[in-house]
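Q: mind looking at a prediction? Sequence and model below.
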Amino acid sequence: MPSSVPSPSLCIPIELLTQASFSQFGTVIQNPTHSTAPPFQRLPPPDCIPANQNTALKYIDVTHMSNLYHLAPSSKPAKAVMNLFVCSPRDLRPHEPSESLPSSWGDIDLDDEEDGSERQLFDVRILERHPFTTQTFIPMGLGLSDRSTQYLVIVAPTLPASASRRNTGRPPPFPTPKPRKQSAVRDIFARARPSPFTNEAAPPPSTYSQLHPSQRPKGPGLPDLKNIRAFVAGGDQAVTYGAGTWHAPMCVVGNNSIDFVVVQFANGVGIEDCQEVKLLPEPGANEGITVAVDMDSSRRVLVKAGPGLIKAKL
């Protein structure tokens, strides 16, 4: 993996964290009755059944855990681990309007509204991924109504491997399907519907097609820095990063620390458990990638982008 990659000068607005907006990166764990997503962004809630002698509701399969270490170069098996991260609030720097950066949302002017909020900036300097495992962050001790402390979820899509080779010379270790061998005539007929050699009406689905989209390997590419997105989450939300999803280290904003229980798989091989890239401003640029953190007088982070807001502005 390269130790650093050049990054464009971009300012990232903050979106509301919902399952609909986050689906390509992972899953959001939240009581559906607490969702503040606009109606058109709400997905059907998970299956629900009574539990605890009818004193509780059990929502089934609220996130998707993946252990893809059988695809790792070392073939060393992994085990499930749970760690505790005590994350302090990040230092933000003041925003100078005269130094406004292009928005990652194109022509949208992030400074076009006077709502009395205070803007600060968070510099995104590192992205990481866990290529063979999902990673779930579960906040503790942060109430549903506490908006003076929140956390940011900063993620990026993955570039095609060909684009990454221009920076590395080779794709880094990553779970990718093995090349398909030339099929024999018998194999071709075996996949026919119905199969002439078995009683099956159709061939079994591939391992990858059975996975939830957030669980599927993202490929060996570097992060797509021009399409980084930032979401704000509260105490009623946990988040699962899909295996291989590029994301920033946890970023707490506000007044207090947050304790996170983090659930993942690990095999103890450094580059297979975690891969990092440092983001450096492109040559001649003074700025790199920053997230615009707008707060009201109570230190609550304000949402400045997303399908609902964009539709309202149009």
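A: Noted; the coordinates are in hand. Residues are numbered from 1 along each chain as shown.

Q: hmm, Met250 is touching Pro139, no?
A: No - between Met250 and Pro139 there is no contact under CB atoms under 8 Å: 9.6 Å. Yep, even glycine has a C-beta here, placed from its N, CA and C like the rest.

Q: count the residues that sit near His130.
A: 22 (other CB atoms under 10 Å).

Q: re earlier: of Met250 and Pro139, who's got more company?
A: Applying other CB under 10 Å to Met250 and Pro139 shows that Pro139 carries more neighbours, namely 23 against 18.

Q: so what's that one bridging to?
A: Going by DSSP bridges, Pro139 is paired in beta bridges with Phe260.

Q: that one contacts Asp259, correct?
A: Yes - shown here, Pro139 and Asp259 form a contact pair, counting by CB under 8 Å, at 7.2 Å.

Q: and for Met250 and Pro139, which residues touch both?
A: Counting by CB atoms under 8 Å, 6 or more residues apart in numbering, the contacts common to Met250 and Pro139 are Tyr151, Phe260.

Q: contacting residues for the residue nearest to Ser298 when sequence neighbours are not counted?
A: Nearest residue to Ser298, sequence neighbours excluded (CB to CB, 6 or more residues apart in numbering): Ser148, at 6.1 Å. Applying CB under 8 Å, 6+ apart to Ser148 gives the contacts Gly254, Asn255, Asn256, Ser298, Arg299, Arg300.

Q: is it true that the last one touches Asp146?
A: To tie it back to what came earlier, the one meant is Arg300. No - the pair Arg300 / Asp146 is not scored as a contact, 9.5 Å apart, by CB under 8 Å.

Q: what are the pairing partners of the one helix or strand Val232 maps to, and which direction each?
A: For Val232, the host element (DSSP states H and E) is strand 229-233. Strand 229-233 has its sheet partners listed here by DSSP bridges as strand 14-16 (parallel), strand 149-156 (antiparallel).

Q: who touches that strand?
A: Strand 229-233 has contacts (CB under 8 Å, 6+ apart) with 12-17, 21-22, 25, 28, 104, 139, 150-156, 239, 291, 301, 303.

Q: would you tell me what the next helix or strand after that strand is?
A: Defined by DSSP H and E, the subsequent element after strand 229-233 is strand 237-241.

Q: CA atoms of that following strand as PDB?
A: Provided in PDB are the C-alpha atoms of strand 237-241 (Å, rounded to 0.1, in the frame of the first residue of the first chain):
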ATOM      1  CA  GLN A 237     -27.300   5.100  16.000                       C
ATOM      2  CA  ALA A 238     -24.600   2.400  15.500                       C
ATOM      3  CA  VAL A 239     -22.900   1.900  12.200                       C
ATOM      4  CA  THR A 240     -21.300  -1.100  10.400                       C
ATOM      5  CA  TYR A 241     -18.700  -0.400   7.800                       C
END
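
Q: could I get the average pLDDT for the helix or strand following it?
A: Using DSSP H and E, the helix or strand that follows strand 237-241 in sequence is strand 246-247. Averaged across strand 246-247, pLDDT comes to 96.

Q: against which helices or strands is the helix or strand just after strand 246-247 packed?
A: Sequence order places strand 251-254 as the next helix or strand after strand 246-247, per DSSP H and E. On a contact count with 3 or more CB pairs under 8 Å, 6 or more residues apart in numbering; DSSP states H and E, strand 251-254 meets strand 149-156, strand 289-295.

Q: those into TSV, with extra columns for mean pLDDT, distance to Val232 and mean neighbour count?
A: As requested, the helices and strands packed on strand 251-254 are exported to TSV (pLDDT from 0 to 100; distance: least, CB to CB, whole Å; neighbours: other CB atoms under 10 Å):
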stretch	mean pLDDT	distance to Val232	mean neighbour count
strand 149-156	96	5	24
strand 289-295	94	9	23
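
Q: and those: which comes nearest Asp123?
A: With CB to CB, the closest approach to Asp123 among the helices and strands packed on strand 251-254 belongs to strand 289-295: 5.4 Å.

Q: doesn't Ser162 belong to a strand?
A: No - going by DSSP: H, G, I helix; E, B strand; the rest coil, the assignment for Ser162 is helix, not a strand.

Q: on that earlier part again, okay, the residue nearest to Ser298 and Arg216: tell me how far apart.
A: Using CB to CB, to the nearest Å, Ser148 is found at 37 Å from Arg216.

Q: now do Arg300
A: 35 Å.

Q: same deal with His247?
A: 16 Å.

Q: what about these two, which has more around it?
A: His247 (24 against 19).

Q: ok, the more buried one touching Ile228?
A: No - with contact defined as CB under 8 Å, His247 does not reach Ile228; the gap is 9.7 Å.

Q: give me the common contacts of those two.
A: Shared contacts of His247 and Ile228 (CB under 8 Å, 6+ apart): Ile154, Val155, Ala156.
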